[in-house]
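Participant: Generate coordinates for the sequence data below:
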Amino acid sequence: MKKILLALGLFATLNVNAQDKQVKDIMGDEGMQQLLAMMGGGAEVEPVYTFPATLNMVVQGYKNGKPQSPTNLAIYINNDKGYFGTKPLDKDEASDMLMIFKAETGDVVMLNEKEKTAFAMNTSTIMQSDMIKGIAEDSKKDAADVKCNKTGKTKTINGYPCEQYVCENAAKQGRYEMWVTNKIKIDLLNSMKDNPFAIYFSKVENVGGMLMQGDFYEKGEQVAHIEVKNVNEKANISIKTAGFKKSMH
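Facilitator: You can find the predicted model right below:
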């Protein structure tokens, strides 16, 4: 199932014409057919997408204790309309692609702002599948096993006062060291509900607030470092799709 979520993420970061090969490389032909069969049409490209708030997020993964290439993302948020967008900040073929998730409908829309193309699909079938429901149940059980405590340490990150929490997950031998602020009014977890990026913020549910920085360990080895940068609560970004060449899966 992680491969399916990874493939969905690739749809956000690759040129539409190049996606099939990249996804097949990860999933294989059989997995690709399963993914495409579960995706459906019916998604619509809205005339305009507005994002009152934005932030940048850096995700640094580790493998066998060694840092991997970081992922730099811009995240666009509209809590009132129930959607959020992600856009790579690394300069490559994916940097012109904005991927928008709408939690209520399961719609995913990809806008290539350079090529002026729009690609829409609906993921509701995937989200209602037994596989995804199983993952959701596992996540709930995992969250119940996480015990968090405030350390009393404080520091300022990007202008926001933060408090440190340390969470332990005995079942997974996990330790999560997080710096959290309650001074940001962005409901990122709610915006990202049931989408791949939510995994990076799921541990903070136990403490409330907005995760600004976190180091995640399992079995004594670091597995990830996450840092939120450049929070703009008054971004007021508006993206009009008139003139985009639209296609649907």
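
Participant: can you list contacts of stretch 66-75?
Facilitator: Contacts with stretch 66-75, where a contact means C-beta atoms under 8 Å, 6 or more residues apart in numbering, come from 54-62, 84-90, 188, 197, 225. Where C-beta positions appear, they are placed from N, C-alpha and C, glycine not excepted.

Participant: Compute the distance between the residue nearest to residue 82 when sequence neighbours are not counted and residue 121, please.
Facilitator: Of all residues beyond its chain neighbours, the one nearest residue 82 is residue 104 (5.1 Å), with distances taken as C-beta to C-beta, 6 or more residues apart in numbering. Note on residue 104: its distance to residue 121, by C-beta to C-beta, to the nearest Å, is 15 Å.

Participant: The two: which has the busier surroundings?
Facilitator: Neighbours per residue (other C-beta atoms under 10 Å) separate residue 104 from residue 121, with residue 121 holding more: 21 against 10.

Participant: Quick check: that one is in a helix.
Facilitator: No: with DSSP: H, G, I helix; E, B strand; the rest coil as the criterion, residue 121 is assigned strand and is not in a helix.

Participant: Give me the distance between it and residue 44.
Facilitator: Counting by C-beta to C-beta - residue 121 and residue 44 are separated by 11 Å.

Participant: shared neighbours of the two, anything?
Facilitator: What both residue 121 and residue 44 touch, as defined by C-beta under 8 Å, 6+ apart, is the set residue 107.

Participant: Just give me the neighbour total for the residue nearest to residue 119 when sequence neighbours are not counted.
Facilitator: Computed as C-beta to C-beta, 6+ apart, the closest residue to residue 119 that is not its neighbour in sequence is residue 110, at 4.5 Å. For residue 110, the count of nearby residues is 23 (other C-beta under 10 Å).

Participant: pretty sure residue 110 contacts residue 101?
Facilitator: No: assessed by C-beta atoms under 8 Å, residue 110 is found out of contact with residue 101, at 10.5 Å.

Participant: Now name the helix or strand holding residue 61.
Facilitator: strand 53-63 (DSSP states H and E).

Participant: Mind listing what's buried along the helix or strand that contains residue 147?
Facilitator: Using DSSP H and E, residue 147 sits in strand 146-157. Neighbour-count burial for strand 146-157 flags 146, 148, 157 (criterion: 16 or more other C-beta atoms under 10 Å).

Participant: with those in mind, which one is nearest to residue 218?
Facilitator: Checking the buried residues of strand 146-157 against residue 218 with C-beta to C-beta, the nearest one is residue 146 at 12.3 Å.

Participant: Is the closest one in contact with residue 165, as I believe?
Facilitator: No: using C-beta under 8 Å as the test, residue 146 is too far from residue 165 to be in contact (10.5 Å).

Participant: need the buried residues of strand 146-157 in TSV with distance to residue 66, can you?
Facilitator: Shown next, in TSV, are the buried residues of strand 146-157 (distance: C-beta to C-beta, whole Å):
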residue	distance to residue 66
146	26
148	28
157	25
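
Participant: quick one on the thing from earlier: of the contacts of stretch 66-75, grab the buried ones for ChimeraX.
Facilitator: In ChimeraX syntax, the buried subset of these is picked out as below (16+ other C-beta under 10 Å):
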select :54,55,56,57,60,61,62,84,85,86,87,88,188,197,225
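
Participant: Where does pLDDT dip in this protein?
Facilitator: 1-42, 92-95, 125-145, 187-208, 247-249 (pLDDT under 70).

Participant: related to what we said a few turns ago, separation between the residue nearest to residue 82 and residue 224?
Facilitator: 29 Å.

Participant: Over to residue 172?
Facilitator: In terms of C-beta to C-beta, residue 172 sits 13 Å off from residue 224.
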